[in-house]
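**Student:** from the sequence below, what's the structure:
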Amino acid sequence: MKLTKIFLQCTFIGLLLGSCIQDEAPNAEADITNISFQEDVLANSYIDLNPPYNEISKAYPILISVKEGTDLTDLAPIFELTPGATINPASGSSQNFTNPVRYTVTSEDKKWQRIYLITAKEQSASNIPTTYHFEHVRLIKNKYQEFYSEQNGEELTWASGNAGFNFAMSEAKADEYPTVQYAHGKVGKCAKLETRTTGSLGEMVKMPIAAGNLFIGSFNMLNAITSPLTATRFGVPFYNRPTRLIGYYKYKAGEKFYENGGYTNRKDMFNIYAIFYETTKDTEMLDGNLANENYNNPNMVALALISNPHETDDWEFFDIPFDYKRYGKTIDENKLASGGYKVSIIFASSKDGALFQGAPGSTLLIDEVELIYE
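**Tutor:** The predicted structure is shown next:
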């Protein structure tokens, strides 16, 4: 009798599971997962599809870099979406991108929508801003700060891991994030990077600390949990040969160093470096794995790495040359002129923060930085 009852229960559960598989609920996601074009118009195949929400435009902004001379009035992007989702205007339809175009993605179950504001910009041979005073920030999601630099009509948006910290510590105030603006800089305001704990959620996913970081590139939130070293994507096109990185810093290490599940007496230290590398079909971006691989990568051309980082109560000047001999590469001038090389500058309050090792409270102040080039 008991065996018969168990058999009937198992059969019922099997039928129920089978029904769930056959009648799977419609997908509730509404994301763009890839953008492409039939014509060869992209100047940079990497497109950040996971930007933070912009409160001003009420949309998720996506920037597409197209080759100089591309007709912006007649572009037909092809979208890949989460399964079952639809997009309006339609994928493959021609649009005038002289102004940003607003796209609405609707989930398969019709209950969710995500608005994207897509901008197409011709990538001309003009460099990013190369002097950085850290006077300008904007508030993202009413939660955390994002630095940006302006020079000669060009704007550079700095990336950080603040979006990842927001996932773990959503109730934190703007000045409690790892990367914030600080009032007492070398001149005016400055960037303040501080290693912080990430609370119970961070402990649960074995990411108990978050180093303050600031870098030229982008932060991929989708990779922050599953592959954190690839979440930090370094580099933007640069059309000249960088020679030195100069600026000022202050640093104070936190009292207790966290590693391997506990606190030790190890001394924390910050990191400042810049990279110059060649892009190829297989490698459009370098990521957070680079430092852990001793800055060795087949695409690397030059490295500027601070040689004697130390604590200091006063503003200390740094002047770091780019080392081209390390990699023995020759620069292709034609490729350089067409945007085939990228540069990035990286600051971190804990050198091994990407491995979730560092001392909470370690604080790095950065100001009056300049990228010098030929």
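**Student:** wait, doesn't W158 sit right on Q145?
**Tutor:** No. Taking contacts as CB atoms under 8 Å, W158 lies outside contact range of Q145: 9.9 Å. Where C-beta positions appear, they are placed from N, C-alpha and C, glycine not excepted.
**Student:** show me where the stretch 201-350 of the chain has strands.
**Tutor:** For the stretch 201-350 of the chain, the strands defined by DSSP state E, counting those that start in this stretch occupy 209-210, 213-219, 232-234, 236-237, 242-252, 257-259, 262-264, 271-278, 286-287, 300-305, 312-321, 341-348.
**Student:** need the residue closest to the centroid of this protein.
**Tutor:** Central residue of the chain (CA atoms, centre = their mean): F219, 1.5 Å from the mean position.
**Student:** what are the phi and psi values at the nearest residue to that residue once chain neighbours are set aside?
**Tutor:** Spatially, and ignoring its direct neighbours in sequence, F219 is nearest to A159 (4.7 Å; CB to CB, 6 or more residues apart in numbering). Main-chain torsions, A159, degrees, to the nearest 10: phi -100, psi 160.
**Student:** neighbours of A159, how many?
**Tutor:** A159: 24 surrounding residues under other CB atoms under 10 Å.
**Student:** how about it, what does it touch?
**Tutor:** 214-219, 232-233 (CB atoms under 8 Å, 6 or more residues apart in numbering).
**Student:** cutoff 6 Å now
**Tutor:** By CB atoms under 6 Å, 6 or more residues apart in numbering, the contact set of A159 is 215, 217-219.
**Student:** tabulate the residues you listed (TSV), appending distance to T226.
**Tutor:** Below are these laid out as TSV (distance: CB to CB, whole Å):
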residue	distance to T226
F215	20
G217	19
S218	17
F219	14
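**Student:** can you flag the buried ones in those residues?
**Tutor:** When the contacts of A159 are checked for burial by 16 or more other CB atoms under 10 Å, the buried set is 215, 217-219.
**Student:** any idea what the residue nearest to F219 is bridged to?
**Tutor:** Assessed by DSSP bridges, A159 has beta-bridge partners F215.
**Student:** and it, how far from V101?
**Tutor:** 24 Å (CB to CB, to the nearest Å).
**Student:** one more: D74?
**Tutor:** 12 Å.
**Student:** neighbour-wise, which of those two wins?
**Tutor:** Just comparing D74 and V101: by other CB under 10 Å the higher neighbour count belongs to V101, 17 against 10.
**Student:** beta partners for the more buried one?
**Tutor:** I118.
**Student:** so it sits against P89, correct?
**Tutor:** No. Using CB atoms under 6 Å, V101 is not in contact with P89, being 7.3 Å away.
**Student:** per-residue confidence at K67?
**Tutor:** We have a pLDDT of 82 for K67.
**Student:** sorry, back to before: now tabulate the buried ones among the contacts of A159 in JSON lines and tack on distance to F347 and pLDDT.
**Tutor:** Below are the buried ones among the contacts of A159 laid out as JSON lines (distance: CB to CB, whole Å; pLDDT from 0 to 100):
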{"residue": "F215", "distance to F347": "7", "pLDDT": "97"}
{"residue": "G217", "distance to F347": "12", "pLDDT": "92"}
{"residue": "S218", "distance to F347": "16", "pLDDT": "89"}
{"residue": "F219", "distance to F347": "14", "pLDDT": "88"}
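**Student:** chain neighbours aside, what residue packs nearest to S350?
**Tutor:** G358 (2.8 Å).
**Student:** same question but for H310, I mixed them up
**Tutor:** Here the residue nearest H310, using CB to CB, 6+ apart, is Y251, at 7.3 Å.
**Student:** then N44?
**Tutor:** S65 (4.3 Å).
**Student:** pLDDT weak spots in this structure?
**Tutor:** 1-25, 45, 125 (pLDDT under 70).
**Student:** mind listing the helices for it?
**Tutor:** 2-22, 162-168, 199-204, 223-226, 289-292, 333-337 (DSSP state H).
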